[in-house]
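Engineer: pasting the structure only:
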């Protein structure tokens, strides 16, 4: 059977860093695939990196049932507890998980851009 591709790129999030993929990569490499698990910008392989990561803004929607506000808030709190890197949190009222594709998305995007240009830690406001 002909393969469409011979490279697998393992994408990770905040809690799945490149070391998470090591054993999984071995599995696919033994099957003849090239496996890439890129790290975070500015963090060398093997570094924990939590204090050296770029600023992080958690955006939460009050009607999000996929990552509800208490989950996002816990993620934010854990980051603040375990990292000195700039971390912030913003709760938007009446927004759900698909906020980037919903009416009013520009206000969310503008807030994120304004924050990214001058990142400040903490809760940005109670709710918008």
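Structural biologist: Good, I have the coordinates. Small disclaimer: the values here were computed from a predicted structure and weren't measured.
Engineer: CA atoms for contacts and neighbours, from now on please.
Structural biologist: Fine.
Engineer: domains for this structure, by residue range?
Structural biologist: The record's domain split for the chain, according to automatic domain parsing, is 1-51, 56-123.
Engineer: Quick check: which of those domains is buried the most?
Structural biologist: Mean neighbours per residue, mean count of other CA atoms under 10 Å, is largest over the domains of the chain for domain 56-123, with a mean of 15.
Engineer: circling back to that earlier point, least confident of the domains of the chain, on average?
Structural biologist: If those are sorted by mean pLDDT, domain 1-51 sits at the bottom with a mean of 69.
Engineer: Surely residue 96 and residue 67 touch.
Structural biologist: No - counting by CA atoms under 8 Å, residue 96 sits too far from residue 67 to count as a contact (9.1 Å).
Engineer: Could I get the full set of strands for this protein?
Structural biologist: Secondary structure of the chain by DSSP state E: the strands cover 7-9, 34-36, 56-61, 87-92, 122-123.
Engineer: Throw those strands into CSV and include distance to residue 114, thanks.
Structural biologist: Below are the strands of the chain laid out as CSV (distance: least, CA to CA, whole Å):
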stretch, distance to residue 114
strand 7-9, 31
strand 34-36, 33
strand 56-61, 11
strand 87-92, 13
strand 122-123, 15
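Engineer: between those strands, which one is nearest to residue 23?
Structural biologist: strand 34-36 (11.0 Å; CA to CA).
Engineer: strand partners of that closest one, parallel vs antiparallel please.
Structural biologist: If you go by DSSP bridges, strand 34-36 pairs up with strand 7-9 (parallel).
Engineer: Give me the contacts around the strand it pairs with.
Structural biologist: The contact list for strand 7-9, computed with CA atoms under 8 Å, 6 or more residues apart in numbering, reads 33-38.
Engineer: ok, now with 10 Å
Structural biologist: Defining contact as CA atoms under 10 Å, 6 or more residues apart in numbering, one finds that strand 7-9 is touched by 25, 28-29, 32-38.
Engineer: Kind regards, and thank you for your time.
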